[in-house]
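Engineer: only geometry, no sequence info:
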């Protein structure tokens, strides 16, 4: 069907001329639905007109058989002529009085209705205004946007969009109110069909809060700060507790000199161990460091505004206890920052507009001074052998062995502990003979040793000079190291470091260093302890010794109980001096040097055997005397809470 267009002045005349009216039938009635007050449509948008409620008034009920639509020249893209639904679009040429679309209908008696009109207001967006162009995030930051349309006062077809806003979208309305939860340049758009206008506003707020190393301090390592001295001669100890808080504001340049408000907090300890984190999910659980500093640290310098480039720097001072945690809350809105409480921090209910720094954690370095006994003595009272002249043999039922008469009584201490078992009987010109049995098995006889193989069968004639050696096989000096066992201190937020080699010392060799002498500091084994521990420089001296007292030296190997190390105890306080017994560890062959060393350093930190759980490094298993593989929560807490290790 060819599209028809009609001008308003000719509508009635055309109706009368084009159709002969049968006087016996009533006219049908054309109805355009939902057009009581007109319709609004956006430029270049499709509008639909419905004539399906048109009706015939003849008695007996005739039906509508045809629909004829008429439209103005400003319309285009028409569709639906001859049907009950007509659609079209309107070009962006607005009229305050609107445009009219007409409908007439014909019934099955070939009678046409009069024309029915619907006024259409074609709306386009002219401009968008805002109640303000700049707000601070969280501070009365709802912004009202107002649209101007042509023709005016037609707002129902307007759509509003605000990416990232709350709300982000609105359908219809002269005004639109929204806000954003993050800072930056924001754009709101009012759209009506092919027409749209934007309005840009600026939400000033905190983009990032970061920690930065202060001055020449130890570089922050994944938000770990080391507040102790960097070395024994460090005189800038107080500076080591400082860190920069760096805040970046956006957007620029609007935020270049924006105000900053901040507060410091003690967040929840993230440990899952209830012994370390005794208050569950609550914060405020840092340890006092004995200096009077707030457990949450202190902001010691904070300018009121950013530096003109959108950055703000503040100095923050941490408390020194390992495992203490800190966070800084920052906002450009003071009222929002004031809403933050410890309870809200703990629950993650952070007020809008408040940004938190990452958690900064205090770590401490524990410096190990590595000392050692001097070389194993080969002469004097500490030597590991006996010389003499053997003067005969005695037979034995043991195969391939013989008793050698040593020609002298062995020294009582060695005799009592059977020191020479598994050692060597050495005669010039022959391979060493292994000592299989000595006087501990045949007490009170003190002048014989059973050797293997049979020296008599080998042709060793008597008398003959010999040297009888202990089975010890440890070389000194040997400077002790924890190795991988250093990692066992990390849950306490303690990093093991070793003092430079210039601090290593050799002390007098003692074949037997009594653990009791270590406990009370007796003897000369600790005379060269160079660096004493302080609150700002944690140190432990560990000296490699040879063996403990004879009844605990694992010599013979089967001896129990045995001792692998000791730590100094005096006047109820550990004095950070330890000894480990390398030969006892070697002979027992059940314990690593680093394991024994970690146990004794644990004692230096205040951990006690009796207060530990099964499986703890500090725990001694009944009978074996062997510790576990990790520090328990009780020990880790002890390391954390004392001001000086």
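Structural biologist: Perfect, I can see it now. Nothing here was measured: the structure is a model prediction, and the numbers come from that model. Residues are numbered from 1 along each chain as shown.

Engineer: Residue 512: what's it in contact with?
Structural biologist: 546, 547, 548, 549, 550, 553 (Cβ atoms under 8 Å, 6 or more residues apart in numbering). In this view, the C-beta of every residue, glycine as well, is placed from N, C-alpha and C.

Engineer: Could you tell me the model confidence score at residue 13?
Structural biologist: According to the prediction, residue 13 has pLDDT 34.

Engineer: Please read the previous query as pertaining to residue 634.
Structural biologist: Predicted confidence (pLDDT) for residue 634: 90.

Engineer: Could you list the buried residues of the helix or strand harbouring it?
Structural biologist: Using DSSP states H and E, residue 634 maps to helix 633-641. Residues 633, 634, 635, 636, 637, 638, 639, 640 are the ones in helix 633-641 that count as buried (16 or more other Cβ atoms under 10 Å).

Engineer: The last one and residue 214: what is the separation?
Structural biologist: Same thing as residue 640. Distance of residue 640 to residue 214, computed by Cβ to Cβ, to the nearest Å: 23 Å.

Engineer: Help me confirm that residue 186 comes into contact with residue 166.
Structural biologist: No. Counting by Cβ atoms under 8 Å, residue 186 does not reach residue 166; the two are 11.3 Å apart.

Engineer: okay, those two: which has more neighbours?
Structural biologist: residue 186 (21 against 11; other Cβ atoms under 10 Å).

Engineer: that older thread, centre of the chain to the helix holding residue 634, how far?
Structural biologist: 21 Å (Cα atoms, centre = their mean, to the nearest Å).

Engineer: For the closest residue to residue 109 other than its chain neighbours, the count of nearby residues, please.
Structural biologist: What sits nearest to residue 109 in space, not counting adjacent residues and going by Cβ to Cβ, 6 or more residues apart in numbering, is residue 25, at 4.6 Å. With neighbours defined by other Cβ under 10 Å, the count for residue 25 comes to 17.

Engineer: cool, and residue 627?
Structural biologist: Neighbours of residue 627 under the rule other Cβ under 10 Å: 23.

Engineer: what's near enough to touch it?
Structural biologist: 595, 599, 616, 617, 618, 619, 620, 621 are the contacts of residue 627 under Cβ under 8 Å, 6+ apart.

Engineer: rewinding a little: what touches both of residue 186 and residue 166?
Structural biologist: Taking Cβ under 8 Å, 6+ apart as the criterion, residue 186 and residue 166 both touch residue 180.

Engineer: Next one: the residue lying closest to residue 169 once chain neighbours are set aside from residue 196, what distance?
Structural biologist: Of all residues not flanking residue 169 in the chain, residue 161 sits nearest, at 5.6 Å (Cβ to Cβ, 6+ apart). From residue 161 across to residue 196, the span is 9 Å (Cβ to Cβ).

Engineer: got it, and residue 41?
Structural biologist: Relative to residue 196, residue 41 is positioned 15 Å away (Cβ to Cβ).

Engineer: of those two, who's got more company?
Structural biologist: Neighbour totals were compared for residue 41 and residue 196, and residue 41 leads with 22 against 16 (other Cβ under 10 Å).

Engineer: how deep is the closest residue in space to that one that isn't next to it in sequence tucked in, by neighbour count?
Structural biologist: Among residues not flanking residue 41 along the chain, residue 47 sits closest, at 4.0 Å (Cβ to Cβ, 6+ apart). Using other Cβ under 10 Å, residue 47 is surrounded by 19 other residues.

Engineer: likewise residue 433?
Structural biologist: Residue 433 has 25 neighbours, counted by other Cβ under 10 Å.

Engineer: Repeat that for residue 241.
Structural biologist: Residue 241: 25 neighbours (other Cβ under 10 Å).

Engineer: pretty sure it contacts residue 227?
Structural biologist: Yes. The pair residue 241 / residue 227 is scored as a contact, 4.1 Å apart, by Cβ under 8 Å.

Engineer: Find the residues that touch each one of these two.
Structural biologist: Shared contacts of residue 241 and residue 227 (Cβ under 8 Å, 6+ apart): 318, 320.

Engineer: Was I right to think residue 203 contacts residue 137?
Structural biologist: Yes. Residue 203 is within contact range of residue 137, at 5.3 Å (criterion: Cβ under 8 Å).

Engineer: before we move on, back to that, I would like a ChimeraX command selecting only the buried ones among the contacts of residue 627, please.
Structural biologist: With 16+ other Cβ under 10 Å as the criterion, this ChimeraX line picks the buried residues out of those:
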select :595,599,616,617,618,619,620
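
Engineer: list residues touching both of residue 203 and residue 137?
Structural biologist: Common contacts of residue 203 and residue 137, defined by Cβ under 8 Å, 6+ apart, comprise 180, 182, 183.

Engineer: nearest residue to the first one other than its sequence neighbours?
Structural biologist: Taking Cβ to Cβ, 6+ apart as the measure, residue 180 lies nearest to residue 203, with 5.0 Å between them; neighbours along the chain are not counted.

Engineer: quick one, phi/psi of the closest residue to residue 402 other than its chain neighbours?
Structural biologist: Nearest residue to residue 402, sequence neighbours excluded (Cβ to Cβ, 6+ apart): residue 454, at 4.6 Å. Backbone torsions of residue 454, given as degrees, to the nearest 10, read phi -70, psi 110.

Engineer: burial of residue 454, as a residue count?
Structural biologist: Counted with other Cβ under 10 Å, residues neighbouring residue 454 total 17.

Engineer: ok, back up a step: pull the contacting residues for the residue nearest to residue 180.
Structural biologist: So residue 203 contacts 135, 136, 137, 141, 179, 180, 182, 183, 184, 185, 186, 251 (Cβ under 8 Å, 6+ apart).

Engineer: Spell out the secondary structure type for it.
Structural biologist: Assigned with DSSP: H, G, I helix; E, B strand; the rest coil, residue 203 falls in the strand class.

Engineer: Show me what it bridges to in the sheet.
Structural biologist: Under DSSP bridges, the beta-bridge partners of residue 203 are residue 135, residue 184.

Engineer: What's the separation between it and residue 305?
Structural biologist: Per Cβ to Cβ, residue 203 is found 18 Å from residue 305.

Engineer: can you check residue 101 too?
Structural biologist: 61 Å.

Engineer: and these two? which has more neighbours close in?
Structural biologist: The residue with more neighbours, out of residue 101 and residue 305, is residue 101; 24 against 13, by other Cβ under 10 Å.

Engineer: other SSEs contacting the helix or strand in which that one is found?
Structural biologist: In this structure, residue 101 sits in strand 99-107 according to DSSP H and E. In terms of contacts (3 or more Cβ pairs under 8 Å, 6 or more residues apart in numbering; DSSP states H and E), strand 99-107 is packed against strand 64-70, strand 85-90, strand 116-130.

Engineer: can you put those in TSV and add mean pLDDT and mean neighbour count?
Structural biologist: Below are the helices and strands packed on strand 99-107 laid out as TSV (pLDDT from 0 to 100; neighbours: other Cβ atoms under 10 Å):
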stretch	mean pLDDT	mean neighbour count
strand 64-70	96	20
strand 85-90	96	20
strand 116-130	96	20
